[in-house]
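Undergrad: Next comes the sequence, and after it the predicted model I'd like to discuss.
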Amino acid sequence: MSASALVADVTARRGSFELTAAFNVSAGRPLALVGPNGAGKTTVLNVLAGHADVERGSILLDGRDLVGLSPEARRVGVVFQDFLLFPHLTVADNVAYGIRMRGSRRAAARVAARPWLERFDLGALADRYPHELSGGQAQRVALARALAAEPEALLLDEPMASLDVEIRDDVRAELAGHLRDFAGPTVIVTHSAADVAALAVDVVVIEHGAVTQRGTWASLRQAPATPYVTRLVRQHEE
Amino acid sequence: MRRRGPAVTVWVIAGFALALLVLPLLGILLSAPWPHLPALLVAPETLQALGLSLLTGVISTALCLVLGIPLAVVLARSVSWPVVPRRLLRAAVTIPLVLPPVVGGLALLLLLGRNGVLGKFLALIGVTIPFTTGAVVIAQTFVAMPFLVFAVEGALRGADRRVELAAASLGASPLRVFRTITIPLVAPGIAAGAVLCFARALGEFGATITFAGSYPGVTRTLPIASYLASQTDLDQSIALALVLLVVSVAVLLGLRDRWLPGVRG
Amino acid sequence: MRLRPSRPARAAPLAGAVALLLAACSSPSAGPSSTTSADPLKGTVTVLAAASLSEVYSDLADRFEKLHPNVTITESFGGSSALASQIVQGAPADLLATANQATMKTVTDAKLADGTPIVYATNILTLVVPPSNPAEVKAVADLAKPGVKVALCDTTVPCGSAASALLSAEHLSVTPVTLETDVKAVLTKVELDEVDAGLVYVSDAKAAGDKVTQIAVPDAANLINRYPIVVLSGSKNKTAAWAFEQFIVSITGLTALKNAGFGTP
């Protein structure tokens, strides 16, 4: 079952780079984490997913602190930038994987995955393998797989980055629809203004390991606080 | 016009290389005593040696898989270790490859023989290893293990291990990740390694004869039987060699799709 | 197979006297130091000799090289049947010295010998046990007791056929744990205390010194292995080969063989 809020207040270190960020995410109001490359947004994602440690702080998902929990115990779904589909499993088995890990047998999991395949228009591709899919199809599988595991929160890492430029607008619109259907808090890491505009409601800007602006996309556009935000906003207007 | 010069040279040299590999086999085929072959092949010495070689080969390969896959995982992960321990680990795995087999057999004898460093304790509880079929399995496992470990390590390094992160985010514990994702991902590499391992175990001579001895039905494998026969009964020796040849080729052909991990077909 | 490449010669008192004798015969100038310039013997002599002859032949080769500095003797030791079969298959060698006449016959039958082989020494079998004598073996009859681990040569090798004949003569049914490819391998297993007893030649027991305990077998004197030596027709250096052969069957050589435990025919 999905949670209603994610409250993060963390300090994390990678080598000599230190990041401090605090933000809230409410269900139904996807949060975009934006910033230039190297600012620390990937670190935030890794910390939320459990692939990196925090130095201090907490990540509360409806009051439950995720810090110290292994990734598999967190119930946080991730859609990775290059999807990371399991190459040796069919589309159906990929989507069913999370259901299987939660205790179902293989056959039962496949049955339970059917509705998810339908919802993401993957019915015809059920027996294909990842290497046979197009970029857009692979992204749908990655999203379906993450959501079929019924996570409490959802993370997306640069959702459009692996896709051909021509299809991005269409895929983005479709993704926006799916995110609206997800009942838990959603965090989208991106450097693309188009992503922010279409997918998110709230925005947190991270530059050089610290939060430099936060608010709705509209408020950022009205009053950009740093040169980076100015450039970002302008990017969308072009 | 200039382009074709080097290419021809490459073909010619490759031709010689191929001849070096194939002609000795042709030599066996041409010298084989074809009329007597059926009788020689069903002779008790032949069947005994064949049965023993197949049995020990399969057990050794199974042992190499059980012990070697975890070692390959550790070896693949050792890239993040400091230099000295990392190099030492790799050198340790390579030892059976560079050690002459007879030296390997002698080392096993000095370790596990009834007066050996460890063997003397085993002898106290009534366990003696030399001159048993078990000793043959140990000798074969010793020489063949590196083939499996390096093949699996190569496959592990080549695979994109980040899918393990995806599996974890979907609720898989490390052990389940290993079983459902890592192993299937490197299965072609494991298969290729197992084939090499079996072939090496089948052909092992020096370590086996030094550590396990040579007794028909117990420790006299096909290569040993062939060598002994070569001194007095060349026909028998060639028959045994042919059996080895056929078994080896059959195994290789049976798994031909898996020769190169990661390369399809 | 054990190879003995030429090493610096050890001093031997007898060699000095023989050197003077040879120097007087082969050149007009007096003194051993001047044999170099007039010595007609030169080149390499390749000797294939039975494993039981390892120590004696190495020693004699050293001495011969010292007398004839322009000659290099290369020796390869192993099971007589293996050596004979190598010759029959065309291995280039100058001299062949086997441990029995049956193996020499395969070479003379193939018309590869130059003249008639000379029988110059004999050897009989003896029982050896490790110094600790773990199975408390006192006589050859103890080999048939259950639980006693015995190492023998394979019957395709001279010491093996002799052992088999000896055991039948004693009416003993012995099941060895291993049938080795040459007599030195049997000796090694006894020295390492990996077997309780082995049947080797008297000369091998002597060469092993106190690493093994020797137990005489009375009936062994009836089963004598006669050691023949012959120059091979394919030899490229018959002069030097013949000279070394003569050296081996000379007083010097025969004394060395006697000291090593060999008998006279």
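TA: Nice, I can see it.

Undergrad: What about the closest residue to residue A:184 other than its chain neighbours, how many residues nearby?
TA: Leaving aside its chain neighbours, residue A:184 sits nearest to residue A:2 (2.9 Å; criterion: Cβ to Cβ, 6 or more residues apart in numbering or on different chains). All C-beta spots, glycine's among them, are computed from the backbone N, C-alpha and C. A count of nearby residues for residue A:2, using other Cβ atoms under 10 Å in any protein chain shown, gives 19.

Undergrad: Please apply the same query to residue B:17.
TA: 10.

Undergrad: Mind telling me what element it is part of?
TA: Taking DSSP states H and E as the definition, residue B:17 sits inside helix B:4-31.

Undergrad: Check the offset of that helix from the chain's centre.
TA: Distance of helix B:4-31 from its chain centroid, counting by Cα atoms, centre = their mean, to the nearest Å, is 25 Å.

Undergrad: tell me which strands and helices that helix is in contact with?
TA: Applying 3 or more Cβ pairs under 8 Å, 6 or more residues apart in numbering or on different chains; DSSP states H and E, we find helix B:4-31 packed against helix B:234-254.

Undergrad: related to what we said a few turns ago, and the helix holding residue B:17 with helix B:234-254, angle?
TA: Angle of helix B:4-31 versus helix B:234-254, following axes from the mean of the first three to the mean of the last three Cα atoms, to 10 degrees, is 130 degrees.

Undergrad: Buried residues of helix B:4-31, list them for me.
TA: Neighbour counts over helix B:4-31 (16 or more other Cβ atoms under 10 Å in any protein chain shown) mark no residue as buried.

Undergrad: Which is the succeeding secondary structure element to that helix?
TA: helix B:37-41.

Undergrad: and that next one, which residues are buried?
TA: Those would be residue B:40, for helix B:37-41 by 16+ other Cβ under 10 Å.

Undergrad: Outside of that helix itself, list whatever touches it.
TA: B:33, B:46, B:235, B:236, B:239, B:242, B:243 (Cβ atoms under 8 Å, 6 or more residues apart in numbering or on different chains).

Undergrad: quick check: mean pLDDT across that helix?
TA: Mean pLDDT, helix B:37-41: 86.

Undergrad: Please compute how far it lies from its chain's middle.
TA: 27 Å.

Undergrad: Tell me what the closest residue to residue A:202 other than its chain neighbours is bridged to.
TA: Of all residues not flanking residue A:202 in the chain, residue A:31 sits nearest, at 4.7 Å (Cβ to Cβ, 6+ apart). Beta-bridge pairing for residue A:31 (DSSP bridges): residue A:187, residue A:202.

Undergrad: give the contact list for residue A:31.
TA: Residue A:31 neighbours (Cβ under 8 Å, 6+ apart): A:23, A:25, A:185, A:186, A:187, A:188, A:200, A:201, A:202, A:203, A:204.

Undergrad: Let me have those residues in TSV, adding neighbour count and pLDDT as columns.
TA: Below are the contacts of residue A:31 laid out as TSV (neighbours: other Cβ atoms under 10 Å in any protein chain shown; pLDDT from 0 to 100):
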residue	neighbour count	pLDDT
A:23	19	90
A:25	26	92
A:185	26	94
A:186	26	94
A:187	27	94
A:188	26	94
A:200	23	92
A:201	16	92
A:202	21	93
A:203	26	94
A:204	24	93
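
Undergrad: Looking at the residues you listed, which is nearest residue B:126?
TA: residue A:187 (65.2 Å; Cβ to Cβ).

Undergrad: pretty sure the closest one contacts residue A:153?
TA: Yes. If you go by Cβ atoms under 8 Å, residue A:187 and residue A:153 touch, sitting 7.4 Å apart.

Undergrad: quick one: common contacting residues for the two?
TA: A:6, A:25, A:48.

Undergrad: How confident was the prediction at residue 49?
TA: Answering for chain A, as no chain was given. 91.

Undergrad: The chain in question should be chain C.
TA: Confidence score, pLDDT, at residue C:49: 96.

Undergrad: That one: neighbour count?
TA: Residue C:49 has 28 nearby residues by other Cβ under 10 Å.

Undergrad: Need the three-state assignment for it.
TA: strand (DSSP: H, G, I helix; E, B strand; the rest coil).

Undergrad: wouldn't it be in contact with residue C:58 here?
TA: No. In this structure, residue C:49 is not within contact of residue C:58 by Cβ under 8 Å, at 9.4 Å.

Undergrad: joint contacts of these two?
TA: With Cβ under 8 Å, 6+ apart, residue C:49 and residue C:58 have common neighbours residue C:75.

Undergrad: Show me what the helix or strand hosting residue A:235 is packed up against.
TA: Following DSSP H and E, one finds residue A:235 within helix A:227-237. Contact partners of helix A:227-237 among helices and strands, from 3+ Cβ pairs under 8 Å, 6+ apart: helix A:193-199, strand A:202-207, strand A:210-216, helix A:217-222.

Undergrad: got the contact list for that helix?
TA: So helix A:227-237 is in contact with A:34-36, A:192-194, A:196-197, A:205, A:207, A:212-213, A:220-221, A:224, going by Cβ under 8 Å, 6+ apart.

Undergrad: how about those residues, which pair is most distant?
TA: It's A:194 and A:212 that sit farthest apart of the contacts of helix A:227-237, by Cβ to Cβ, at 20.7 Å.

Undergrad: can you pull out the helices in chain A?
TA: A:41-49, A:91-101, A:106-119, A:135-148, A:165-181, A:193-199, A:217-222, A:227-237 (DSSP state H).

Undergrad: Most proximal residue of chain A with respect to chain C?
TA: residue A:88 (47.6 Å; Cβ to the nearest Cβ).

Undergrad: Please disregard the earlier target; I meant the stretch 151-265 of chain B.
TA: Closest point on the stretch 151-265 of chain B to chain C, by Cβ to the nearest Cβ, is residue B:213, at 2.9 Å.

Undergrad: Tell me the spacing between that residue and residue B:115.
TA: Using Cβ to Cβ, to the nearest Å, residue B:213 is found at 15 Å from residue B:115.

Undergrad: and those two? which has more neighbours close in?
TA: residue B:213 (30 against 15).

Undergrad: Next, find the distance separating the residue nearest to the spatial centre of chain A from residue B:165.
TA: Compute the mean C-alpha point of chain A, and by Cα atoms, centre = their mean the closest residue is residue A:156, 1.6 Å away. As judged by Cβ to Cβ, residue A:156 and residue B:165 stand 15 Å apart.
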